[in-house]
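>>> Got a predicted model here, sequence first, then my questions.
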Amino acid sequence: MRKINVELPKYRLQLDVKLVKRRKPLLEKSILPDPSVVRRKYRKGSFPGRLARYFADHKNISKIMARYFAVIAIAATFIPQTGVAQAQGSENIVIASQTNLTTEKSMIYPVTQIKINQGYSVFHRGLDFGGRVGTPIRPIMAGVVAYAGWDRTGYGNLIVLEHKNGVESYYAHLSKIEVKTGQNVGTDTEIGKMGATGRATGSHLHLEVYQNDIPLNPLTVLSR
């Protein structure tokens, strides 16, 4: 076999050289600071302060942070909006809208006097109703007692009710339990008394509502 030498035109070689020279590195300068530059350019203040000013002036870091906040801003548009409601005798309560599940709003409040001490959030998957020890507690809707007893995880005296449509409700920190497992209960049945058992800082009822094992904000399904 004969080797064939192919020579590129001179103008093509010159063009390739120019393109290579025009290419810029991905990062014009390293993100890691040069201690000598930090000491020379930022003389005033402590070293952590000078280092912070160095990062603030760095072009690459500014671009990265701008993209980071842009992603956060775009992601925030997909978060459900919240509204503010006022319950009788309570402070402002944030009501998070439910977008994944829908349930008929036929559940009633478990207490007569509504005073909400803490609302629903990602880190608090329930609603805390304030009141005195011994305040009667009733089911939010008719159902069957799935569990009634002491819980070691922090709920204290706990009652778990099973309802229709895959709904479950938890009643925690009770001072007294007045139902048994397997018992049918209605909305007029007194299932227990408010208390401060388990991990509780004061007398209140901690209510949690689930549908198909997914937590719901009780305020979106409760009605008076």
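In hand now; what should we look at? Numbers count the residues shown, from 1 in each chain.
>>> which regions of the protein lie under the pLDDT threshold?
1-105, 224 (pLDDT under 70).
>>> any chance you could map the helices in it?
Taking DSSP state H to define them, one finds helices in the chain at 10-22, 35-41, 47-57, 59-76.
>>> From one end of stretch 187-206 to the other, what's the distance?
18 Å (C-alpha to C-alpha, to the nearest Å).
>>> Against His124, how distant is the nearest residue in space to Arg132 that is not next to it in sequence?
Sequence neighbours aside, Ser203 is the residue nearest to Arg132 in space, at 6.0 Å (criterion: C-beta to C-beta, 6 or more residues apart in numbering). From N, CA and C alone the C-beta is placed, and that goes for glycine too. Separation of Ser203 from His124 (C-beta to C-beta, to the nearest Å) stands at 18 Å.
>>> quick one, which of the two is more surrounded?
Ser203 (19 against 12; other C-beta atoms under 10 Å).
>>> Can you give me every residue that contacts the more buried one?
Contacts for Ser203 (C-beta atoms under 8 Å, 6 or more residues apart in numbering) come out as Gly130, Gly131, Arg132, Val133, Thr135, His173, Ser175, Met194, Gly195, Ala196.
>>> what bridges to the first one?
In this case it means Gly130. Assessed by DSSP bridges, Gly130 has beta-bridge partners His204.
>>> doesn't Val111 make contact with it?
No: in this structure, Gly130 is not within contact of Val111 by C-beta atoms under 8 Å, at 9.0 Å.
>>> Lys176: how many residues sit nearby?
For Lys176, using other C-beta under 10 Å, the count is 16.
>>> Look up how far Ala200 lies from the residue lying closest to it once chain neighbours are set aside.
Nearest residue to Lys176, sequence neighbours excluded (C-beta to C-beta, 6+ apart): Lys193, at 4.1 Å. Lys193 sits at a distance of 14 Å from Ala200 (criterion: C-beta to C-beta).
>>> neighbour count winner among the two?
Using other C-beta under 10 Å as the criterion, Lys193 and Ala200 rank with Lys193 on top: 20 against 17.
>>> who touches the more buried one in this structure?
Going by C-beta under 8 Å, 6+ apart, Lys193 touches Val133, Gly134, Thr135, Pro136, Ile137, Leu174, Ser175, Lys176, Glu178.
>>> Closest one of those residues to His163?
Ranked by distance to His163 (C-beta to C-beta), the contacts of Lys193 are led by Ile137 at 15.6 Å.
>>> For that closest one, give the beta-bridge partners.
Note on Ile137: beta-bridge partners Gly192, judged by DSSP bridges.
>>> Also the one 10 residues further on?
For Tyr147, the residues forming beta bridges with it (DSSP bridges) are Val160.
>>> my read: it touches Tyr155, true?
No: the criterion here is C-beta under 8 Å, and Tyr147 misses it with Tyr155 at 10.1 Å.
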